[in-house]
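S.K.: Generate coordinates for the sequence data below:
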Amino acid sequence: MTLLVLRRALAEYARRPLNVVLLVAVPVVIVVALSSELAAFSELLSTTAKPLYLEVATAGWAAAAVAGLAGFFQAVGSRDADRRLAAASARGATPVVIGRLLAAACLAGAAGAAALAALATKGGIADPARAIPAVVLVAVLYVAIGVVVGTLVRSEMNGALVVSVIWMLDVFVGSGLGGSSSLVTRVFPLHFPTMILTDQAAHHGGPIGDVGWSAIWAAGLAALAVARLASTTRSARRAKPADLRSPRSTPLRPEATATSTPATEKGSSPGPAPTAWPSDRHVEPPATVRSPGIPAVRWVAGLRADAREYRRNRVLWVLLVAVPVLFVALAAEQTPTTRVPVRLVEGARQLTAMLSMRQIHAGEMASISSALLAGIAGLFVVTGSAAGDRRLVLAGFRPRQVLAGHLGVIAAAAAITSAVSLAVSAAFFAPSQWLVYAGADLLVALIYAMIGVLLGPLVGRLGGLYLLLLLAIVDPGYGQTVMFHPLPPTWGAFLPARGAGTLLLDGSFASTFEQYGYLLLGVAWLVALTGAALFVFRRQIGTSRVARARPVFPAGGAGFPHPVSVIARSPGSAVRPDVPGHPDPHNGLMSGDAHQDQETRPTKEVAP
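M.R.: Okay, the predicted model is just below:
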């Protein structure tokens, strides 16, 4: 049973080949693209860190990111199936739990091996005897964290958000990039393993030491993950004998056995309820609704339905508020006030100003948190309702009407995240142009929200999470930063946040607004991504394969469509409304020819 669960879990992961590619590609990109930047960042924070060993630490951090998400989806995506397997197994949940954990460990091992291989190719591993075990330890830590979150949080959106934020806080705050010994950094799992990878003694590990605390973290989290996964996989209690009675021996309730209609007149006897066939039913359309207003009604109905659905997810809105507070405040607090040169534009001239690193870092952390949270919201809102969206389109909604409801919720999430990030960053510095600064941060959030909408149908939830996590760090984190050089890196000009990032810097420290070209660049990115997202969304819901149902209006043009709509590709062919491309179980009775008589049936007009 253990080997069966292991094989099936890995086969399920490999069913989407892009997931396998990203499992290897994401750690390689993090190591190759960010190791030098992280080393430079640590040199700015403190002179005690060693740049070569900081590059080694990026291999562990990359493996942690992939391992955490892999462990989370292994736990949350197969809970019901694992319970059925545990109920059918003679050994209970033990082989299922072991197989599931081994599958997550294999994925984490592949990510760690790819990161180490990229590091060896780039510049070599200075001390393999220390680096390889430390990377394996970090991968085990985050597999356990992902599994624990997967057993505690049922929503995939909320759980993925929690795992991603834990990792980002751990890297930017808990790792102690500049050799920080703050009490805040010691409560993060990666603090002591990073000290091992960077060959820096923490000097606050006590007699246990950095290796001892790292082993305690790994053993404790692994034990908690095993216990939690076993408790959620264990089958439910056996039914009592009283619950196993035959349905025939259980008396039916009176209301369930009644088949008669109540008497309508005094003295009359109740009779059997008449059978109403679907073809005999007729819904009287309201006289106040006209056909030209139906598209507007659908726009509003879609938005209200999405708002009602995600309003129930209170945990999501709490996370959208709490995460920026923790992320921005903790990252800015750990940054020194050292001044660095920054190139600004004032009117018609350029000048170099000496600005505090804490102020710069607070503004950049706000944009990173806004981009990541808005991107995750866009990814999960669209992918979580694909089946329902197809049914709405088959019922007559246009794809843009369905997508508009999703975008309303996504825009609300982006606005909340951006507002909270701005409020927290304001505690560390006062922007020179509040309107420009707030607009730039919101523009970053909306751009990444559309990236999430675009990635969901293309690469799925797990692949989209990998790419969003990578883009949020590479683009607004390092591609648009001015902490290392007076100007942002040249390669960042090809990334989506270049226009909004320049506006963010200009609104933070320049007294006048002169960056009109970058404003147009940011808006162009947003429009292009929105158009691409709409195109991909149309393909996801299958409008190119199945014709949408066209409503039949009365002769007077008033009222709602007839309850029976026609769904047909060609005369004589039929499709199932719920599954595109599948044959009709009624052998053509729902085809266009069968409904031709109902289309031409006279419909009662409603006076305006």
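S.K.: low-confidence ranges in the stretch 101-250 of the chain?
M.R.: Scanning the stretch 101-250 of the chain for pLDDT under 70 picks out the ranges 174-182, 184, 199-206, 235-250.
S.K.: er, the chain I mean
M.R.: Using pLDDT under 70, the chain drops low at 35-54, 174-182, 184, 199-206, 235-297, 302, 542-608.
S.K.: list the buried ones in the longest helix belonging to it?
M.R.: Counting residues, the longest helix found in the chain (DSSP state H) is helix 434-472. Applying a neighbour-count criterion of 16 or more other Cβ atoms under 10 Å, one finds 436-457, 459-472 buried in helix 434-472. Backbone N, C-alpha and C define where each C-beta goes, glycine included.
S.K.: Quick check: which element contains the nearest residue to F327 once chain neighbours are set aside?
M.R.: Nearest residue to F327, sequence neighbours excluded (Cβ to Cβ, 6 or more residues apart in numbering): S369, at 4.7 Å. Per DSSP states H and E: S369 is located in helix 357-383.
S.K.: name the helices or strands packed onto that helix?
M.R.: helix 156-169, helix 314-333, strand 339-346, helix 399-425, helix 434-472, helix 498-509 (3 or more Cβ pairs under 8 Å, 6 or more residues apart in numbering; DSSP states H and E).
S.K.: What strands line up against the third one, and which way round?
M.R.: Which is strand 339-346. Sheet pairing here is set by DSSP bridges, and for strand 339-346 it gives strand 349-356 (antiparallel).
S.K.: List the buried residues for the partner strand?
M.R.: Buried residues in strand 349-356 (16+ other Cβ under 10 Å): L355, S356.
S.K.: For it, give me every contacting residue.
M.R.: T337, T338, R339, V340, P341, V342, R343, L344, F429, P486, F509 (Cβ atoms under 8 Å, 6 or more residues apart in numbering).
S.K.: picking up where we left off before, burial check on the residue nearest to F327, number of neighbours?
M.R.: 31 (other Cβ atoms under 10 Å).
S.K.: Same question for the one 4 residues further on.
M.R.: Residues contacting L373 under the criterion other Cβ under 10 Å number 32.
S.K.: gap between L454 and A532?
M.R.: The gap separating L454 from A532 is 6 Å, by Cβ to Cβ, to the nearest Å.
S.K.: so I376 touches L467, yeah?
M.R.: No. Checked against Cβ atoms under 8 Å, the pair I376 and L467 is beyond contact range at 11.3 Å.
S.K.: Quick check: the gap between the residue nearest to the spatial centre of the chain and F535.
M.R.: Closest to where the C-alpha atoms of the chain average out (Cα atoms, centre = their mean) is I376, at 3.1 Å. Separation of I376 from F535 (Cβ to Cβ): 22 Å.
S.K.: Now do the helices in the stretch 201-350 of the chain.
M.R.: Under the criterion DSSP state H, counting those that start in this stretch, the stretch 201-350 of the chain contains helices at 209-233, 254-257, 294-311, 314-333.
S.K.: a markdown table for the ones you listed, including distance to Y516 and mean neighbour count?
M.R.: Output for those, formatted as a markdown table (distance: least, Cβ to Cβ, whole Å; neighbours: other Cβ atoms under 10 Å):
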| stretch | distance to Y516 | mean neighbour count |
| --- | --- | --- |
| helix 209-233 | 51 | 18 |
| helix 254-257 | 70 | 7 |
| helix 294-311 | 32 | 16 |
| helix 314-333 | 28 | 18 |
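S.K.: possible to save the ones you listed as JSON lines with distance to T58?
M.R.: Listed next are the helices of the stretch 201-350 of the chain as JSON lines, based on distance: least, Cβ to Cβ, whole Å:
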{"stretch": "helix 209-233", "distance to T58": "17"}
{"stretch": "helix 254-257", "distance to T58": "65"}
{"stretch": "helix 294-311", "distance to T58": "36"}
{"stretch": "helix 314-333", "distance to T58": "18"}
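S.K.: Relative to A88, which of those is closest?
M.R.: Distance to A88, taken as Cβ to Cβ, is lowest for helix 209-233 among the helices of the stretch 201-350 of the chain, at 12.2 Å.
S.K.: what residues does the closest one touch?
M.R.: Contact with helix 209-233 is made by 71, 75, 79, 82-83, 86, 93-94, 96-97, 100-101, 134, 137, 140-141, 143-145, 147-148, 151-152, 189, 192-193, 195-196, 201-202, 205, 208, as judged by Cβ under 8 Å, 6+ apart.
S.K.: Let's see which of the residues you listed end up in helices.
M.R.: Assigned to helices by DSSP H, the following of the contacts of helix 209-233 qualify: 71, 75, 79, 82-83, 86, 94, 96-97, 100-101, 134, 137, 140-141, 143-145, 147-148, 151-152, 192-193, 195-196.
S.K.: could you say what helices and strands the longest helix of the chain packs with?
M.R.: helix 17-45, helix 51-76, helix 156-169, helix 357-383, helix 399-425, helix 498-509, helix 516-540.
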